[in-house]
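# Need a 3D model of the sequence below.
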Amino acid sequence: MTHQRRARSASEAGPARRSAFFPTPLPISLPVLLLTSLLAALLTTGCGPKRSITGFPGGSTQEARPAPQQAEPQRRRTVTLSTPYDSKEARRKLAPGKNTIRGTASARTPGGEVATCAGKPVTLVPVTAYSGERMFAIYGSDDKGVLRLGQGAAPPPVITNDDPRYLADHPQTVCTDSGTFVFKDIADGQFFIVTGFTWLTEDKKPQGVGLMQRVSVSGGQTRKLDMKP
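Numbering: from 1, shown residues only. Alright, predicted model coming up:
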């Protein structure tokens with residue numbers, strides 16, 4: 001089949017708990033690399049209140065007020081999927097076909113600029129009972145969803161029983177410099193398109209979005225998507 005390269009499961013992922021930001025990783029695990037880089041940058045600036053002594057002329061000292069309490073990071077919720085993953089079903093639905101899916105993925109930043117998926121992976125996931133439940137757990141929908149990343153955003157859930165075959169089975173492509181992507185030779189059926197990207201705010205804080213959208217194709221058609229939050 002002529003799908004773009006398939007994703008490989010992240011080498012750092014264990015058999016049990018793993019991050020669930022995106023269903024398919026970058027070459028260095030998109031879920032871990034993207035989210036970890038975001039949250040690490042946000043959480044390493046301080047962990048608690050500090051007290052200091054300020055000197056004054058004449059030798060007197062005065063105890064300064066405690067520094068403002070750093071907000072505690074939100075805890076990740078855990079999700080256990082009830083549906084087992086059927087690798088044979090997923091691979092069967094990824095058999096070659098005559099359909100094409102073309103699309104763009106972008107988001108407007110708080111500063112008014114447009115960020116795109118340029119250089120980031122886009123994943124094609126056939127709709128199955130497992131992938132539908134997984135998307136709902138992550139995005140709160142199995143049709144179209146947005147996952148906010150960065151300061152103030154709730155961290156993505158940890159799927160306690162994620163099947164590593166799920167991450168390895170699905171083809172992915174890479175967005176062009178203009179933020180476009182294409183999947184060719186797709187079989188008739190329903191699929192999830194998943195991608196994500198980040199940017200820096202004016203105060204150099206990382207923010208980003210994960211985007212998911214369901215699409216149906218049949219009869220050799222070309223479907224066009226414009227993915228936005």
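# would you list every one of the helices in the chain?
All helices of the chain, identified by DSSP state H, fall at 30-43, 87-93, 129-139, 164-169.
# Just the CA atoms of the shortest one, as PDB, please.
If I follow you right, that is helix 164-169. Once non-C-alpha atoms are left out, helix 164-169 reads as follows in PDB (Å, rounded to 0.1, in the frame of the first residue of the first chain):
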ATOM      1  CA  PRO A 164       1.500  -0.700  22.100                       C
ATOM      2  CA  ARG A 165       0.300  -2.200  18.800                       C
ATOM      3  CA  TYR A 166      -2.200   0.700  18.400                       C
ATOM      4  CA  LEU A 167       0.700   3.200  18.200                       C
ATOM      5  CA  ALA A 168       2.600   1.000  15.600                       C
ATOM      6  CA  ASP A 169      -0.300   0.100  13.300                       C
END
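# which ones are touching V174?
Q4, G119, K120, P121, V122, F181 (Cβ atoms under 8 Å, 6 or more residues apart in numbering). No exception for glycine: its C-beta is placed from N, CA and C like everyone else's.
# run the last query once more with 7 Å
Residues near V174 by Cβ atoms under 7 Å, 6 or more residues apart in numbering: G119, K120, P121.
# swap in R92?
If you count contacts by Cβ under 7 Å, 6+ apart, R92 has none.
# measure it to R76 for me?
Plainly put, R92 is 33 Å away from R76 if you go by Cβ to Cβ, to the nearest Å.
# if I read this right, G179 contacts T104, doesn't it?
Yes: with contact defined as Cβ atoms under 7 Å, G179 reaches T104; the gap is 5.3 Å.
# returning to that earlier point: weakest of the helices of the chain by average pLDDT?
Lowest mean pLDDT within the helices of the chain: helix 30-43, at a mean of 43.
# what about the strands in the chain?
18-19, 53-55, 61-63, 78-79, 96-108, 114-116, 121-126, 144-150, 158-159, 172-174, 180-186, 189-200, 206-217, 222-227 (DSSP state E).
# Number of residues surrounding G132?
Residues within reach of G132, counting by other Cβ atoms under 10 Å, total 18.
# Please read the previous query as pertaining to L225.
L225: 16 surrounding residues under other Cβ under 10 Å.
# Give the full set of residues in contact with the closest residue to F181 other than its chain neighbours.
Of all residues not flanking F181 in the chain, V122 sits nearest, at 4.4 Å (Cβ to Cβ, 6 or more residues apart in numbering). Counting by Cβ under 7 Å, 6+ apart, V122 touches Q172, T173, C175, F181, I193, T195.
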